[in-house]
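# Structural data only, the sequence is not supplied:
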């Protein structure tokens, strides 16, 4: 049975220093060439093996400290985050995706989610959209299609066919920084059945907590999205959308909590 050991004192200080060192070295969000290289590697391994495990994204790395309930922890199972994520994905899918005819993941990346969704729901239409050609190629091979799509410049025409579609983003909208406006407007205009965001949410961290503070620093240094929650609240007050659920994950990787949830739909 996996247990989580809270890191305190010098151990916690070492992790904080490690996080800040990584922040200084990591590329900023929207580094398209960086993501294309990564997804191309997944595509090549997929072609060589046709093993769905080859699609596992490399940013879920074993053996690193994790975030849990506002503390840094170490799991006795070095691959705990990946196992936790797969169970979490099942729960999210059963609650928010299972009632849709079509599921469209925007920012599908390595394709691990859409490949899993296609296996879980073989009767549903599963699509993957991404700004990386390699990611689109993966989606076309493991699901029902891939579409080249730029979240910063969505197509000017709305897709009326999305009324029976749940739109899913997992660690993708974070890449839009402060430029998420066109994407939000496009989603509102398309009126999908539901929008499910699984993303890091800057607004929900506590800056008085040193562990949360390092996540805030990571968001700011890497240019992750900000302001989206306030925009949804305004739209909700105007009666233009309904927010079905919001929930902080209280769990995440070394740099941030990437699994918080916002679920909403246009009215």
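That came in fine, so what should we check first? Computed from a predicted structure; not experimentally measured.

# what pairs with residue 195 across the strands?
residue 167, residue 264 (DSSP bridges).

# Burial check on it, number of neighbours?
Counted with other Cβ atoms under 10 Å, residues neighbouring residue 195 total 27. Quick note: C-beta positions are derived from backbone N, CA and C, even for glycine.

# how far away is it from residue 255?
Distance of residue 195 to residue 255, computed by Cβ to Cβ, to the nearest Å: 25 Å.

# same deal with residue 122?
Distance of residue 122 to residue 255, computed by Cβ to Cβ: 35 Å.

# if you count what's nearby, which of these two comes out ahead?
Neighbour count, other Cβ under 10 Å: between residue 122 and residue 255, residue 255 has more, with 22 against 8.

# Wait, residue 130 touches residue 109, no?
Yes - at 6.4 Å, residue 130 counts as touching residue 109 under the criterion of Cβ atoms under 8 Å.

# what sits in contact with each of these two?
Common contact partners of residue 130 and residue 109 (Cβ atoms under 8 Å, 6 or more residues apart in numbering): residue 39.

# helix or strand for the residue lying closest to residue 4 once chain neighbours are set aside, which one?
Leaving aside its chain neighbours, residue 4 sits nearest to residue 73 (4.2 Å; criterion: Cβ to Cβ, 6 or more residues apart in numbering). Secondary structure assigned from DSSP states H and E places residue 73 in strand 71-75.

# Each with direction, which strands does that strand pair with?
Here, using DSSP bridges, strand 71-75 pairs with strand 4-6 (antiparallel), strand 66-68 (antiparallel).

# Now distance to residue 159, mean neighbour count and mean pLDDT too, for those, in TSV please.
TSV is the format used below for those (distance: least, Cβ to Cβ, whole Å; neighbours: other Cβ atoms under 10 Å; pLDDT from 0 to 100):
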stretch	distance to residue 159	mean neighbour count	mean pLDDT
strand 4-6	43	14	97
strand 66-68	36	22	98
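
# Redo those as a markdown table? Include distance to residue 40.
A markdown table is the format used below for the strands paired with strand 71-75 (distance: least, Cβ to Cβ, whole Å):
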| stretch | distance to residue 40 |
| --- | --- |
| strand 4-6 | 35 |
| strand 66-68 | 28 |
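
# which one of residue 130 and residue 109 has more residues nearby?
Comparing residue 130 with residue 109 by other Cβ under 10 Å, the one with more neighbours is residue 130, at 28 against 25.

# Okay, and the beta partners of the more buried one?
residue 148.

# before we move on, what about residue 105?
residue 128, residue 168.

# show me where the stretch 1-150 of the chain has strands.
4-6, 66-68, 71-75, 102-106, 125-130, 146-148 (DSSP state E, counting those that start in this stretch).

# For stretch 250-261, buried residues please.
251-261 (16 or more other Cβ atoms under 10 Å).

# again, but for stretch 239-252
Residues 241, 249, 251-252 are the ones in stretch 239-252 that count as buried (16+ other Cβ under 10 Å).
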